[in-house]
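Predicted model follows, preceded by the sequence.
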Amino acid sequence: MQSLKVKDLIPHPKNEYFFDDMTGQKYEEFRESIRTSGVIEPLIVTQDMVIVSGHQRRRGCIDEGIETVMCDVRYYADKDGRSKEDWILKDLIETNVRQRGEIGGSELKAIHRVDELRRIYGIDGGGRHKSWDNVPTSLEPVTAQEACAAAGIDYESYRKFKSLADLNPDWQELLEAGNV
């Protein structure tokens, strides 16, 4: 654990692709918690100071004028047949889903989370791809249903909204904005 300057922490470039910012009453309650109790759960950052988990905590610190925050600095590297970035994305998705509880947000972002986990875990169709047979599977999702659970969406909703991810970008943008 290290105390790091909030201004030195870099948001992960794909965070907004997978998750919406907290808004409204929920975000105001979150800020109140930071104001009265501080940041209780440390942020998780890479060795390069890229945020893996804690984008909302960083945002709350900035809004409350807090200059330093405790961080768990994790060292990521290529291993077990996965790239450093795959390990970071896996943790980005899974830790945020666990910490946020009810994710909310757009269906399209939920689809992005599931599809990314399916890619990382080698889930092709309904189950694991053959090329991943030699990769440890202790608690890893093996089926599309398990990948959905790890991404914070039920499988039926995933199937229902999957076609949205295939829309052209203009339609996706209208959908994200709630105009369709």
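Good, I have the coordinates. Numbering: from 1, shown residues only.

next SSE after the lowest-mean-pLDDT helix or strand in the chain?
Lowest on mean pLDDT, DSSP states H and E among the helices and strands of the chain sits strand 127-128, with a mean of 48. Using DSSP states H and E, the helix or strand that follows strand 127-128 towards the C-terminus is helix 144-151.

Which strand residues bridge Leu43?
Beta bridges link Leu43 to Cys71, judged by DSSP bridges.

Now for it, how many residues are close by?
Close neighbours of Leu43, defined as other CB atoms under 10 Å, add up to 22. C-beta: built from backbone N, CA, C; applies to glycine.

close enough to count as contact, it and Gln56?
No: using CB atoms under 8 Å, Leu43 is not in contact with Gln56, being 9.8 Å away.

now the residue most central in space within the chain: how far from Lys109?
Residue closest to the mean C-alpha point of the chain, counted by CA atoms, centre = their mean, is Ile93 at 2.8 Å. The gap separating Ile93 from Lys109 is 10 Å, by CB to CB, to the nearest Å.

Touching both of those two, which residues are there?
By CB atoms under 8 Å, 6 or more residues apart in numbering, Ile93 and Lys109 have these common neighbours: Phe18.

Check what pLDDT Met70 gets.
Met70 is assigned a pLDDT of 97 by the prediction.

What average pLDDT does the longest helix belonging to the chain get?
Taking DSSP state H as the criterion, the chain has its longest helix at helix 84-100. Across helix 84-100, the average pLDDT comes to 88.
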